[in-house]
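Visitor: compute the structure for the input listed below.
(one chain, ligands or ions: 2)
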Amino acid sequence: MGLELSGVRVGFAGRSVLDGVSLSVAPGEQVALLGPSGAGKTTLLRVVVGAVTPAGGTVRADGTDPSGSRADLTRLRRSIGCVRQRDDLVNGLTARTNILAAAAHEWRIGEWVAVLMGGVPRRFAERLAELARRHDIEALLPARVERLSGGERQRVALARALLTRPRLILADECTSGLDPVRAAVALDHLKHSGATLLATTHDLSVARSFDRVVALRDGKIVFDGKPPDAEEIERIYGRSAPEEMLA
Ligand SMILES: Nc1ncnc2c1ncn2[C@@H]1O[C@H](COP(=O)(O)OP(=O)(O)OP(=O)(O)O)[C@@H](O)[C@H]1O
Ligand SMILES: [Mg+2]
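Guide: Ligands and ions are numbered 1, 2, ... in the order given. Sure thing, here's the model as predicted:
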């Protein structure tokens, strides 16, 4: 799925948060989104998924305006997988049900019953098993998500985002709470999903594993290209970094 943002402006309480952001992402392209805390990265992802309506500019995801009609947005959202910075799993439900909920719009009546009884509709069984194996959450599937650790929840949220094989994945710091091995597995899976990928990160080693890095600062794109070198990192964050960090 391709993305086209042009002159996007967002303000909260009179404060500019995205200030004329233009960004073009080709179908299948993978982009790491860097930038200081508060730069507007999460807001940018929220604009793409129609959760924030820009005050100006245009946004097209797969040719569709996410702030357009409700029907367009519903259709669009079904092709987008989101892993949010603060996961939005539903407490009180099991990991299994949370993951399957990504496809709730496809469930038939019998499948609703199966899921509510703690089961797995047959046509999702193989995909669920594959995701659970890959992200090491097999043993966690029957557990209520409020009992899981932060990293465990994050892996459940990742599996949920991938369940329906979305064509666009918006991953907001999706590896930040994971141990290094599981983080690498997660990143590898996202990159090999074939989907267009927009992944925010504060981890420079994660950013360096992308061919294209876009950086926001104060709501503006200040970098777009191959992974930034030390000097460019300084410009992005507006302060010098300890040398060992840039090694
Ligand atoms: N719903 C909101 N209402 C008011 N202000 C908001 C809202 N959402 C975000 N902001 C503000 O907009 C700015 C950008 O927020 P955003 O979450 O996009 O930053 P970010 O780049 O994702 O930061 P981080 O790296 O810390 O996650 C911040 O100053 C934040 O306080
Ligand atoms: Mg954020």
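
Visitor: look at the nearest residue to His105 once chain neighbours are set aside and say how many residues are nearby.
Guide: Excluding its sequence neighbours, the residue lying closest to His105 (C-beta to C-beta, 6 or more residues apart in numbering) is Arg78, at 6.4 Å. For every residue, glycine as well, the C-beta is placed using N, CA and C. Using other C-beta atoms under 10 Å, the number of residues around Arg78 comes to 15.

Visitor: pLDDT value on Arg78, please?
Guide: If you check Arg78, the pLDDT there is 90.

Visitor: surely it is in contact with Thr164?
Guide: Yes - counting by C-beta atoms under 8 Å, Thr164 is a contact partner of Arg78 at 7.2 Å.

Visitor: tell me the spacing between the residue nearest to His105 and Thr64.
Guide: Separation of Arg78 from Thr64 (C-beta to C-beta, to the nearest Å): 11 Å.

Visitor: relative to ligand 1, how far out is Phe210?
Guide: Distance, Phe210 to ligand 1, by C-beta to the nearest ligand atom, to the nearest Å: 17 Å.

Visitor: again, but for Gly68
Guide: To ligand 1, Gly68 is 21 Å away according to C-beta to the nearest ligand atom.

Visitor: please identify the helix or strand for that residue.
Guide: Counting by DSSP states H and E, no helix or strand carries Gly68.

Visitor: then Glu130?
Guide: Using DSSP H and E, the element containing Glu130 is helix 122-134.

Visitor: ok, and what's touching that helix?
Guide: Residues outside helix 122-134 that contact it (C-beta atoms under 8 Å, 6 or more residues apart in numbering) are 96, 99-100, 103, 120, 137-138, 141, 159, 162-163, 165, 185, 189.

Visitor: list buried residues within these.
Guide: 96, 99-100, 103, 120, 137, 141, 159, 162-163, 185, 189 (16 or more other C-beta atoms under 10 Å).

Visitor: mind listing which of those are in helices?
Guide: Taking DSSP state H as the definition of helices, these contribute 96, 99-100, 159, 162, 185, 189.
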